[in-house]
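In: Predicted model and sequence follow; I will ask about them next.
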Amino acid sequence: MAQGDFWERKMRLHTTRPDLLADAIRQAVGREASRVRSYRTENGETVHIMQVVISRLEAVPLTELIVAADPQAIVDVVPLPGSFGLRRSIRLAKRHSRRDLPDVTKYGNELNED
(Lines give C-alpha, C1' and ligand atoms only; values in the text may rest on other atoms or scores of the structure.)
Protein backbone atom coordinates (compact mmCIF):
# COMPACT_ATOMS: atom_id res chain seq x y z
CA MET A 1 0.00 0.00 0.00
CA ALA A 2 1.25 3.50 -0.77
CA GLN A 3 2.43 5.27 2.36
CA GLY A 4 1.40 8.73 3.50
CA ASP A 5 -1.66 10.44 4.91
CA PHE A 6 -2.96 11.61 1.53
CA TRP A 7 -3.26 8.06 0.20
CA GLU A 8 -4.96 6.38 3.16
CA ARG A 9 -8.70 5.83 3.48
CA LYS A 10 -10.90 3.97 5.94
CA MET A 11 -13.40 1.59 4.40
CA ARG A 12 -16.31 0.74 6.67
CA LEU A 13 -18.72 -2.06 5.76
CA HIS A 14 -22.15 -3.01 7.06
CA THR A 15 -22.86 -6.61 6.08
CA THR A 16 -24.74 -9.73 7.04
CA ARG A 17 -21.99 -11.90 5.49
CA PRO A 18 -18.81 -10.91 7.38
CA ASP A 19 -16.81 -14.12 6.82
CA LEU A 20 -17.29 -14.00 3.05
CA LEU A 21 -16.22 -10.35 2.85
CA ALA A 22 -13.30 -10.80 5.23
CA ASP A 23 -11.92 -13.56 2.98
CA ALA A 24 -12.50 -11.47 -0.17
CA ILE A 25 -10.70 -8.45 1.35
CA ARG A 26 -7.81 -10.60 2.58
CA GLN A 27 -7.33 -12.11 -0.90
CA ALA A 28 -7.68 -8.76 -2.70
CA VAL A 29 -5.43 -6.49 -0.60
CA GLY A 30 -3.65 -8.84 1.80
CA ARG A 31 -4.92 -7.14 4.96
CA GLU A 32 -7.45 -8.15 7.58
CA ALA A 33 -10.74 -6.31 8.03
CA SER A 34 -11.50 -5.84 11.70
CA ARG A 35 -15.00 -6.22 13.11
CA VAL A 36 -16.04 -3.11 14.97
CA ARG A 37 -19.42 -4.21 16.32
CA SER A 38 -22.64 -6.02 15.46
CA TYR A 39 -26.30 -5.12 15.81
CA ARG A 40 -29.72 -6.61 15.05
CA THR A 41 -32.13 -5.02 12.61
CA GLU A 42 -35.91 -4.87 12.98
CA ASN A 43 -36.07 -7.96 10.72
CA GLY A 44 -33.95 -9.93 13.18
CA GLU A 45 -30.86 -10.02 10.92
CA THR A 46 -27.46 -9.53 12.51
CA VAL A 47 -25.47 -6.81 10.74
CA HIS A 48 -21.72 -6.67 11.33
CA ILE A 49 -19.69 -3.49 10.97
CA MET A 50 -16.17 -4.07 9.66
CA GLN A 51 -13.39 -1.70 8.69
CA VAL A 52 -10.05 -1.80 6.92
CA VAL A 53 -7.44 0.82 5.98
CA ILE A 54 -6.89 1.02 2.23
CA SER A 55 -5.16 3.28 -0.26
CA ARG A 56 -7.22 5.59 -2.43
CA LEU A 57 -6.32 3.49 -5.48
CA GLU A 58 -7.80 0.37 -3.86
CA ALA A 59 -11.14 2.01 -3.06
CA VAL A 60 -13.00 1.47 -6.35
CA PRO A 61 -11.87 -2.10 -7.15
CA LEU A 62 -12.44 -3.23 -3.57
CA THR A 63 -15.89 -1.61 -3.46
CA GLU A 64 -16.84 -3.39 -6.69
CA LEU A 65 -15.59 -6.70 -5.27
CA ILE A 66 -17.59 -6.25 -2.06
CA VAL A 67 -20.81 -5.30 -3.84
CA ALA A 68 -20.42 -8.30 -6.17
CA ALA A 69 -19.98 -10.64 -3.17
CA ASP A 70 -22.75 -9.07 -1.07
CA PRO A 71 -25.18 -6.79 -2.96
CA GLN A 72 -26.86 -5.81 0.34
CA ALA A 73 -23.60 -4.51 1.87
CA ILE A 74 -23.24 -0.81 2.67
CA VAL A 75 -19.76 0.52 1.88
CA ASP A 76 -18.40 3.85 3.17
CA VAL A 77 -14.95 5.14 2.20
CA VAL A 78 -13.73 8.17 4.15
CA PRO A 79 -10.35 9.82 4.76
CA LEU A 80 -8.49 8.30 7.67
CA PRO A 81 -8.95 10.38 10.85
CA GLY A 82 -5.95 12.62 11.35
CA SER A 83 -4.93 12.58 7.70
CA PHE A 84 -4.33 15.86 5.93
CA GLY A 85 -5.94 14.85 2.66
CA LEU A 86 -6.68 17.75 0.34
CA ARG A 87 -5.53 20.50 2.73
CA ARG A 88 -1.99 19.18 2.56
CA SER A 89 -1.93 19.21 -1.24
CA ILE A 90 -3.22 22.81 -1.29
CA ARG A 91 -0.43 23.96 1.02
CA LEU A 92 2.21 22.41 -1.20
CA ALA A 93 0.98 24.29 -4.28
CA LYS A 94 1.58 28.04 -4.03
CA ARG A 95 -0.95 30.18 -5.92
CA HIS A 96 1.53 32.95 -6.74
CA SER A 97 5.24 33.68 -6.64
CA ARG A 98 5.21 37.01 -4.77
CA ARG A 99 6.58 36.80 -1.24
CA ASP A 100 4.86 39.98 -0.05
CA LEU A 101 1.38 38.51 -0.63
CA PRO A 102 -0.24 35.92 1.67
CA ASP A 103 -0.88 32.38 0.45
CA VAL A 104 -4.48 31.99 -0.70
CA THR A 105 -6.83 29.25 -1.83
CA LYS A 106 -8.10 29.17 -5.39
CA TYR A 107 -11.08 31.24 -4.18
CA GLY A 108 -8.87 33.99 -2.76
CA ASN A 109 -9.28 33.11 0.92
CA GLU A 110 -6.18 33.28 3.10
CA LEU A 111 -4.77 29.93 4.20
CA ASN A 112 -4.71 29.50 7.97
CA GLU A 113 -1.82 27.74 9.70
CA ASP A 114 -4.06 25.49 11.84
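Out: Happy to help now that I have it.

In: neighbouring strands for the biggest strand by length in the chain, and are they parallel or not?
Out: Ranked by number of residues, the top strand in the chain under DSSP state E is strand 46-55. Taking DSSP bridges as the criterion, strand 46-55 pairs within the sheet with strand 8-15 (antiparallel), strand 34-40 (antiparallel).

In: for the first one, which positions count as buried?
Out: The neighbour-count check on strand 8-15 (16 or more other CB atoms under 10 Å) flags 8-9, 11, 13-15 as buried. Quick note: C-beta positions are derived from backbone N, CA and C, even for glycine.

In: all helices for this protein, in order.
Out: Here the chain has its helices, by DSSP state H, at 18-29, 59-69, 86-92.

In: Could you give the average pLDDT over the shortest one?
Out: Regarding helix 86-92, the rounded mean pLDDT is 47.

In: How about stretch 32-51?
Out: What stretch 32-51 shows for mean pLDDT is 94.

In: Which residues does that stretch contact?
Out: With CB atoms under 8 Å, 6 or more residues apart in numbering as the test, stretch 32-51 has contacts from 10-16, 18, 21-22, 25-26, 52.

In: Could you single out the nearest of those residues to V78?
Out: V78 lies nearest to K10 out of the contacts of stretch 32-51, by CB to CB, at 5.5 Å.

In: Just the pLDDT for the closest one.
Out: What the model reports as pLDDT for K10 is 91.
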